[in-house]
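Student: just need the structure, nothing else, for what follows:
(2 chains)
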Number of protein chains: 2
Amino acid sequence: MKCTVIRLADGRELRYYDERDDAVRAAVDRRDLAGPPPASQLRYDPLTDEWVTIAGHRQGRTFLPAPDECPLCPSTADRSTEVPADDYDVVVFENRFPALGGRSGPAGGDPLATPYSPVRPGTGRCEVVCFTAEHDASFADLSPDRVRTVLDVLADRTVELSAMPGVEQVFCFENRGVEIGVTLHHPHGQIYALPFVTPRTRTLLGAARRHHAATGRHLLADVLAAERAAGVRVVAANAHWTAYVPAAARWPVEVQLTPHRRVPDIPALDDAERAAFGPLYLDLLRRLDGLFGVPMPYVSAWHQAPVRVDRELAHLYLQLFSVRRAPGRLKYLAGTESAMGMFVNDVLPEEAARLLRAAEPRTRGVVGGRG
Amino acid sequence: MKCTVIRLADGRELRYYDERDDAVRAAVDRRDLAGPPPASQLRYDPLTDEWVTIAGHRQGRTFLPAPDECPLCPSTADRSTEVPADDYDVVVFENRFPALGGRSGPAGGDPLATPYSPVRPGTGRCEVVCFTAEHDASFADLSPDRVRTVLDVLADRTVELSAMPGVEQVFCFENRGVEIGVTLHHPHGQIYALPFVTPRTRTLLGAARRHHAATGRHLLADVLAAERAAGVRVVAANAHWTAYVPAAARWPVEVQLTPHRRVPDIPALDDAERAAFGPLYLDLLRRLDGLFGVPMPYVSAWHQAPVRVDRELAHLYLQLFSVRRAPGRLKYLAGTESAMGMFVNDVLPEEAARLLRAAEPRTRGVVGGRG
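Tutor: The predicted structure is shown next:
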């Protein structure tokens, strides 16, 4: 894999990750772009002890452009996109409308703060990862080799972003489907380099810490062993990974894809683990699309250890879930979930696992990579 | 206010709350209904130390019926609904498709549990509150007197449900709008009598406890005083309540309506506080509908103290929020919020407060009550 770094017209970094080591990336971004966006703010919510990101400039971001206006496609002679080249394997670039890490304007020390709600600058970095140049593909259409490239890219980005001053956690994820508000259809993921440890990660680490103090063992390792022994919720597995529906799943479709070896983050995965990931994950995604016969909206979220703290407690896993509970039916987060954090799931986890095991995998073809 | 309790055809309780003390409620439910639904399950998620409700039977619940099939309208000579009478003021009845408190079938001791994910019966109770017999009204159309009746009903239900064995918290809320998945348009709220303290309430109490230990003061009382002093986020206020946008608001439209006196729950509100609530809340709801010129989808959630614990730490408030961030634009919860609990809000809280103060209140008329 060869990485070439260029600057876009407004100064943002773009990285080509090429599967061929002889790739040459000389194309120049000739657009006339406005300067970097204003910085966002972090505001402290004292009632919950959590930081909230306020990013007022994002209201104007690109919203469901026509296919021939897609900013993630390669550039052509007639049209300049976010990617100057006329083709690419995988590219990563700084988000033009970042929730964090905007670079102009004042941020902290806001006079609108109160003693209980301090404000600080929304530092960090938001990156976009394009998985393929093919606009109409989806992640499920990638080749295993391309998935390996993507995983290596996420590892590379996690290492580099973790070294940035003030970054406490790196969050890699993919949102897919208009049903969950995706505003660009081109297959892409996102990477957030965060200046705090997220609320969910703090919760996970708290439970892991209590379990370790009580038993001397690692919580997710114990849960994984129990799920593999029970079997009824396991969807698929290989020598290095097991995919299972959690016993207390919150979502109608939810799978945890967990490496058998406890590692803190993606960079810590070894070669065999990385190679084994793609075929299993692709099988899962294709089963999701086969479940109801229509492309499944989903969130795919890597739970990585924080950069500085509790790395010995964390156990990397991928959380894959969907709001679709039946054809034509979505799960919405309303009062119980959004106000009280209390989830009601209308689908039995064992039934969800059975349906996923029985689903016919669907893909429209294989895209990218050498395989 | 007069309360009359009857039984529906399948044994569920229904309560008429009449504003006239001479109301007679003799109508009988003549439907042929199947027995009570199967019990749901609570499953423990060890990774987060939270209970998740699994309610497999709810997949078949009523979904967006035609107006002439509404189960919450009064019954007519030709059609029997959930309410046997031909008119009503406010009624409360047990949900036919409850997330908690179903009464048939086995529940706990599930052999599918693992040592890390215990299962217990989904005890508790889910009730529906119809605010008015008028199908096309909304809460914003109610008279202040009717709002007072509704508040008195919520107080009555909170007291009674809190006395049920095993109930740890009573959650009163309204979900409004198809945008957040509401399946019945008739104006109604819900009451959950919960066999656990919700994750969000535990979080709120944890922060309140730390603040009290450090300062000897109450956190929300301090926040309220700071917001009243700052003023910039206050939307409306009267002698007993202040409505403000939280400094670290998570939602594009979010208001906390907080009583000046610290009380643990709705039953503890005195007569003057109850009388002062309706006009202010109606003004808020009508501003929400005026903000974008279309009915605003919203969640309105009462944060009450748990039944048994930490009542001296809790401070009642109403959280009112919407997923609408602009006309034709919704905020979706995807990877950052749903996987990591990290909220990104695209609207400045001070700007949201300014827009709400400037909004022209909208209502289609005044419904119910004596006023």
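Student: pull the number of nearby residues for whatever residue of the stretch 251-371 of chain A ends up closest to chain B.
Tutor: The nearest approach of the stretch 251-371 of chain A to chain B comes at A:Tyr332, 2.7 Å away (C-beta to the nearest C-beta). For glycine as for every other residue, the C-beta is placed from the backbone atoms N, C-alpha and C. Neighbour count of A:Tyr332, defined by other C-beta atoms under 10 Å in any protein chain shown: 20.
Student: list phi and psi for the residue nearest to it when sequence neighbours are not counted.
Tutor: Nearest residue to A:Tyr332, sequence neighbours excluded (C-beta to C-beta, 6 or more residues apart in numbering or on different chains): B:Gly181, at 2.7 Å. Main-chain dihedrals, B:Gly181, degrees, to the nearest 10: phi 90, psi 10.
Student: contacts only, for the residue of the stretch 251-371 of chain A closest to chain B.
Tutor: A:Val323, B:Ile180, B:Gly181 (C-beta atoms under 8 Å, 6 or more residues apart in numbering or on different chains).
Student: ok, A:Glu227 next?
Tutor: A:Arg233, A:Val234, A:Thr242, A:Tyr244, A:Ala247, B:Thr114.
Student: now do A:Ala230
Tutor: A:Ala230 makes contact with B:Leu112, B:Thr114, according to C-beta under 8 Å, 6+ apart.
Student: one more pass at 7 Å, please.
Tutor: B:Thr114 (C-beta atoms under 7 Å, 6 or more residues apart in numbering or on different chains).
Student: likewise the one 5 residues further on?
Tutor: With C-beta under 7 Å, 6+ apart as the criterion, the residues that contact A:Val235 are A:Ala243, A:Tyr244, A:Val245, A:Val255, A:Leu284, A:Ala353, A:Leu356, A:Arg357.
Student: among the residues you listed, who's most crowded?
Tutor: Going by other C-beta under 10 Å, A:Val255 tops those with 30 neighbours.
Student: now do the helix or strand harbouring that one: everything it contacts.
Tutor: Using DSSP states H and E, A:Val255 sits in strand A:253-259. Strand A:253-259 has contacts (C-beta under 7 Å, 6+ apart) with A:220, A:224, A:235, A:240-246, A:269, A:273, A:280-281, A:284, A:288, A:316-322, A:324, A:352.
Student: on that earlier part again, which phi and psi does the residue of the stretch 251-371 of chain A closest to chain B have?
Tutor: According to degrees, to the nearest 10, A:Tyr332 has phi -110, psi 150.
Student: find me the pLDDT at it, would you?
Tutor: On pLDDT, A:Tyr332 comes in at 87.
Student: right, and A:Glu174 touches A:Gly189 too?
Tutor: Yes. If you go by C-beta atoms under 7 Å, A:Glu174 and A:Gly189 touch, sitting 3.9 Å apart.
Student: where do the strands sit along the stretch 101-250 of chain A?
Tutor: Counting by DSSP state E, counting those that start in this stretch, residue ranges of the strands within the stretch 101-250 of chain A are A:119-121, A:125-130, A:169-176, A:188-194, A:234-237, A:241-244.
Student: centre of the chain to stretch A:268-283, how far?
Tutor: 16 Å (C-alpha atoms, centre = their mean, to the nearest Å).
Student: narrow the contacts of strand A:253-259 to just the buried residues.
Tutor: A:220, A:224, A:235, A:240-246, A:269, A:273, A:280-281, A:284, A:288, A:316-322, A:324, A:352 (16 or more other C-beta atoms under 10 Å in any protein chain shown).
Student: and the closest residue to A:Val223 other than its chain neighbours, how many residues sit next to it?
Tutor: The spatial neighbour of A:Val223 that comes closest, neighbours along the chain excluded (C-beta to C-beta, 6+ apart), is B:Tyr116 at 5.1 Å. When counting by other C-beta under 10 Å, one arrives at 20 neighbours for B:Tyr116.
Student: lovely, talk soon.
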